[in-house]
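[1] Next come a sequence and a model predicted from it.
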Amino acid sequence: MQRQPLVIANWKMNGDRQLVTAMAEALRDSSAQHADVSVVVCPPAVLLPAWQQAAFYDNIQLGAQDANENASGAHTGEHSLALLAEAGASMVLVGHSERRQFYGDNAQRIAAKVNQILDESTMTVVLCVGESAEQREQQQTFDVVASQLAEALASRKQCERIVIAYEPVWAIGTGLTASPEQAQEVHAFIRNWLGEKFGPSGVNLQILYGGSVKADNAEQLFAQADIDGGLIGGASLVEEQFVAICNAAQ
Ligand code: PEP
């Protein structure tokens, strides 16, 4: 089964309305719009309505960078799935390394978010996993990735609406990219793990690479057999870079 290429922009805590307009225009004018690549933008939640307006007629989906695991209630500063869906999001990143490191997203919370998204909404989960530099040095990459997958997906019996993003922590925002071979090796491991957990449908999940993807390294990374696209941070804030990355995924 053919897996559709997917490129997701993670704007983190960056961007403004001007960039929304400029990026929507740049994507509209690019050939990626007409090709068989799904493009998803995850801006800060407050910019979702601006994106909804700017890309109303375009083939761009919107996503959220995180979501609270509760349906509603006294959770100051947080966003529920219902609020994010109302603002146009149809995907949610879960377990990004910055949230694991700095915002208390431990294994239990990540699993709760995955379950909330899959059980209580129609949205897609983009589950981020990846090892630190130290863990890679100590040759723990496969163990770390396997336990992050196992913890997050423990109670899942089916794998619809799940995308995996392999993001080595040492490559995020550092300018250090995993080589295509390094990335492919872990992607193949993840695909095998998904096959063992979910059977044939697990093997067909989209697995994205994230970590300092730029216009000049995207094509080589995306050419790997088990890399189905990318989760793009810094380069998704620069129109020419992001358009070139989307085109490279075709
Ligand atoms: C990310 O934040 O998910 C990411 C991959 O960032 P960058 O592309 O800047 O390394």
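    Done, it's in. All values derive from a computational prediction rather than experimental measurement.

[2] Who are the contact partners of Q116?
    Going by CB atoms under 8 Å, 6 or more residues apart in numbering, Q116 touches 67, 69-71, 81. Heads up, the C-betas are built off the backbone N, CA and C, glycines and all.

[3] and it, helix, strand or coil?
    Under the three-state scheme (DSSP: H, G, I helix; E, B strand; the rest coil), Q116 adopts helix.

[4] now swap in the one 10 residues further on and tell me
    Using three-state DSSP, the structure places V126 in strand.

[5] where's it relative to P200, distance?
    Separation of V126 from P200 (CB to CB, to the nearest Å): 21 Å.

[6] So the two - more neighbours on which side?
    Each of V126 and P200 has its neighbours counted (other CB atoms under 10 Å); V126 has more, 29 against 8.

[7] re earlier: now list the buried members of the contacts of Q116.
    67, 69, 81 (16 or more other CB atoms under 10 Å).

[8] Name the nearest residue to the second one, ignoring sequence neighbours.
    Meaning E69. The shortest distance from E69 to any non-neighbouring residue, by CB to CB, 6 or more residues apart in numbering, is to A112 (4.0 Å).

[9] same deal with Q52?
    Distance criterion CB to CB, 6+ apart; nearest residue to Q52, sequence neighbours excluded, is G88 at 4.0 Å.

[10] same deal with L231?
    G210 (3.4 Å).

[11] mind listing what that neighbour touches?
    Here G210 is in contact with 10, 128, 130, 165-167, 171-172, 230-233 (criterion: CB under 8 Å, 6+ apart).

[12] from the residues you listed, which single one is nearest the ligand?
    For those, the closest approach to the ligand (CB to the nearest ligand atom) belongs to G233, at 2.1 Å.

[13] is it true that that closest one touches N10?
    Yes: using CB atoms under 8 Å, G233 is in contact with N10, at 5.1 Å.

[14] These two: which is more packed in?
    More neighbours surround N10 than the other of G233 and N10, with 26 against 21 (other CB under 10 Å).

[15] Contact residues of the chain facing the ligand?
    Within reach of the ligand by CB under 6 Å from any ligand atom, the chain has these residues: 10, 167, 172-173, 210-213, 231-235.

[16] If you count contacts, what does the host helix or strand of E151 end up packed against?
    Using DSSP states H and E, E151 maps to helix 141-153. Judged by 3 or more CB pairs under 8 Å, 6 or more residues apart in numbering; DSSP states H and E, the packing partners of helix 141-153 are helix 107-120, strand 124-129, strand 162-166, helix 180-198.

[17] and of the ones you listed, who's closest to E240?
    Nearest to E240, of all the helices and strands packed on helix 141-153, is helix 180-198, at 22.2 Å by CB to CB.

[18] CA-only coordinates of that closest one in CSV, if you can.
    Output of helix 180-198 as CSV, limited to C-alpha atoms (Å, rounded to 0.1, in the frame of the first residue of the first chain):
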residue,chain,number,x,y,z
PRO,A,180,19.7,9.7,5.9
GLU,A,181,21.1,6.3,6.9
GLN,A,182,20.8,7.0,10.6
ALA,A,183,17.2,8.2,10.2
GLN,A,184,16.3,5.3,7.9
GLU,A,185,17.6,2.7,10.4
VAL,A,186,15.4,4.0,13.2
HIS,A,187,12.4,4.5,10.9
ALA,A,188,12.7,0.8,9.8
PHE,A,189,12.9,-0.2,13.5
ILE,A,190,9.7,1.8,14.2
ARG,A,191,7.9,0.3,11.3
ASN,A,192,8.8,-3.1,12.4
TRP,A,193,7.7,-2.3,16.0
LEU,A,194,4.3,-1.0,14.6
GLY,A,195,3.9,-4.2,12.6
GLU,A,196,4.4,-6.3,15.6
LYS,A,197,2.0,-4.3,17.7
PHE,A,198,-0.8,-3.7,15.1
